[in-house]
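Chemist: Quick check, what structure comes out for this input:
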Amino acid sequence: MKFRLILTALLVFIMVSVASTSTSSAGLIVNGGFEAGGYSPTQPGADYMTLNAGSTALTGWQIGGSGVDWVGTYWQASQGTKSIDLSSTGIGWISQTIATTANTAYRLSFDMAGNFAGGNPIKNMLVTVGGASGAFQIYTFDTTGKTKTDMGWLPLTLSFVAQGPSTTLTFMSLEPGAYGPAIDNVDVATVPIPPAAWLLGSGLLGLVAIRRKRTK
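Modeler: Here you go, the predicted model:
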């Protein structure tokens, strides 16, 4: 009897884990490619738009700090036609709150480059997930030799476990000048159940079947 209860509990745990991490994560990020919103270039001859703190022009995102530059064809985007320079005149940031499931593992992915036109060639960016109690990491990008048509976009990730039904993601420049880190192609996906968990589930089911045969 005790054996059966233990097996049942383990199977329920595995099935709940599978259900929580194998669901579709489509739509978690709104406007992850920065293509949507009220884009209107503010610099004649240079295709980018300055977004000051509090601006609502960039669909799905909050703007803070010293603001950011919403870049169009001024340089090559990672995907689509637009990207973000996180330093308009100084340290700026963007953030978005997404729906999550508590205790579920997720992976944040994004592409990073940098404004090669000036400032420190090594661009630094802080990424935080879930605020002060969540995950965070500093990322760097070397703009040496980069050009408008060869930005050298670098795919990066940050894994985290959601603490509740919503999680706030923030991308913040650590560059004090007007030439900051650039980001594009932001996405969040649930982390798949590892093969070991499936093997454990199959093994437990097998044990249950053997146990039933022996008790007949």
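
Chemist: thinking Thr100 is in contact with Val161, fair?
Modeler: No. If you go by CB atoms under 8 Å, Thr100 and Val161 don't touch, sitting 9.3 Å apart. Every C-beta, even on glycine, is put in place using the N, C-alpha and C of the backbone.

Chemist: Determine the residues that are contacts of both of those two.
Modeler: The contact sets of Thr100 and Val161 overlap at Tyr106 (CB atoms under 8 Å, 6 or more residues apart in numbering).

Chemist: Settle it for me: which of those two has more neighbours?
Modeler: Legend: neighbour count by other CB atoms under 10 Å for Thr100 and Val161, higher for Thr100 (23 against 16).

Chemist: and that one, how far is that from Gly32?
Modeler: With distances taken as CB to CB, to the nearest Å, Thr100 is found 15 Å from Gly32.

Chemist: Please apply the same query to Ala178.
Modeler: Separation of Ala178 from Gly32 (CB to CB): 25 Å.

Chemist: quick one: which of these two has more around it?
Modeler: Gly32 (21 against 16).

Chemist: Was I right to think the more buried one contacts Asp187?
Modeler: Yes. With contact defined as CB under 8 Å, Gly32 counts as touching Asp187 (5.2 Å).

Chemist: residues shared between the contacts of those two?
Modeler: Shared contacts of Gly32 and Asp187 (CB under 8 Å, 6+ apart): Phe110.
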